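Enquirer: please work out how this folds:
(one chain, ligands or ions: 1)
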Amino acid sequence: MKTIVIYKSKTGFTKKYAEWIAEELECNISNFEDFSQSSISDYDFVIYGSRIHAGKVDGLKKVKALFADNINTMLVVFATGATPSAAEDVINTIWQASFSEEELNVIPHFYMQSGLNYSKMGVGDYLIMKALAKMLSSKKDKNSEEAGCEQAIGSSYDISSREYIAPLIQFIQKQALNK
Ligand SMILES: Cc1cc2nc3c(=O)[nH]c(=O)nc-3n(C[C@H](O)[C@H](O)[C@H](O)COP(=O)(O)O)c2cc1C
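Expert: Residues are numbered from 1 along each chain as shown. Take a look at the predicted model:
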């Protein structure tokens, strides 16, 4: 079973999850930019990991397009985000914004909670987060969701953990048994 994990990561959370997954599956790993797209057909599974950005999986459109001509390779997606895993409704909305109805059924996808890292964020992202924080702090009559969001984005935090890779690992191992 030939598998590779390819990832995009700005502040390190997705990279860390990608490394844990590659370690557990004892498979190849590559940064998306360094990955040779022509080698997709060499793999049984390509696991693509990226961050959630404004409610969508970052870079996914480009990756999905690469698989149109590679029907023998299975694309598996994982996404990291600041939203806690328990917020199932929010996470479902993210999947619906990232995949079509058909893709939701055929592309396996896994969510892994991460956090926020202001010290490694690009300037654009930093300014967006600070503007959102300012907007929320000046808003009167905040609902509980807005109050929770304001508290969550106030500073850096890390709620990532290796345990969250387990469902993806089990999925791949099960597929490998059936091949
Ligand atoms: C501008 C911006 C928008 C974000 N939007 C979301 C979001 O909609 N939902 C979410 O759960 N996390 C969101 N996040 C948090 C990131 O998805 C999270 O920090 C991710 O793990 C970063 O991955 P990386 O460290 O690999 O770059 C956002 C972060 C930034 C900076």
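
Enquirer: so for the lengthiest helix in the chain, what gets flagged as buried?
Expert: Taking DSSP state H as the criterion, the chain has its longest helix at helix 123-138. Buried residues in helix 123-138, defined by neighbour count with 16 or more other Cβ atoms under 10 Å: Asp125, Met129, Ala133, Leu136. All C-beta spots, glycine's among them, are computed from the backbone N, C-alpha and C.

Enquirer: just the C-alphas of that helix, formatted as CSV.
Expert: What follows is helix 123-138, C-alpha atoms only, in CSV (Å, rounded to 0.1, in the frame of the first residue of the first chain):
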residue,chain,number,x,y,z
VAL,A,123,0.4,39.7,8.5
GLY,A,124,-2.8,39.5,6.5
ASP,A,125,-4.3,36.7,8.8
TYR,A,126,-3.1,38.5,11.9
LEU,A,127,-4.9,41.7,10.9
ILE,A,128,-8.1,39.8,10.0
MET,A,129,-8.1,38.1,13.4
LYS,A,130,-7.4,41.3,15.3
ALA,A,131,-10.1,43.1,13.4
LEU,A,132,-12.6,40.3,14.2
ALA,A,133,-11.6,40.5,17.9
LYS,A,134,-12.0,44.3,17.9
MET,A,135,-15.4,44.0,16.2
LEU,A,136,-16.6,41.5,18.7
SER,A,137,-15.3,43.4,21.8
SER,A,138,-17.1,46.6,20.7
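
Enquirer: count of neighbours near Phe45?
Expert: 21 (other Cβ atoms under 10 Å).

Enquirer: now the phi/psi pair for it, please.
Expert: With angles defined as degrees, to the nearest 10, Phe45 sits at phi -130, psi 130.

Enquirer: cool, and Ala54?
Expert: Ala54 adopts backbone torsions of phi 50, psi 50, taken as degrees, to the nearest 10.

Enquirer: closest one of the buried residues of helix 123-138 to the ligand?
Expert: Asp125 (3.6 Å; Cβ to the nearest ligand atom).

Enquirer: rewinding a little: what's in contact with the longest helix of the chain?
Expert: Here helix 123-138 makes contact (Cβ atoms under 8 Å, 6 or more residues apart in numbering) with Lys10, Leu116, Tyr118, Met121, Lys142, Glu146, Cys149, Glu150, Ile153, Gly154.
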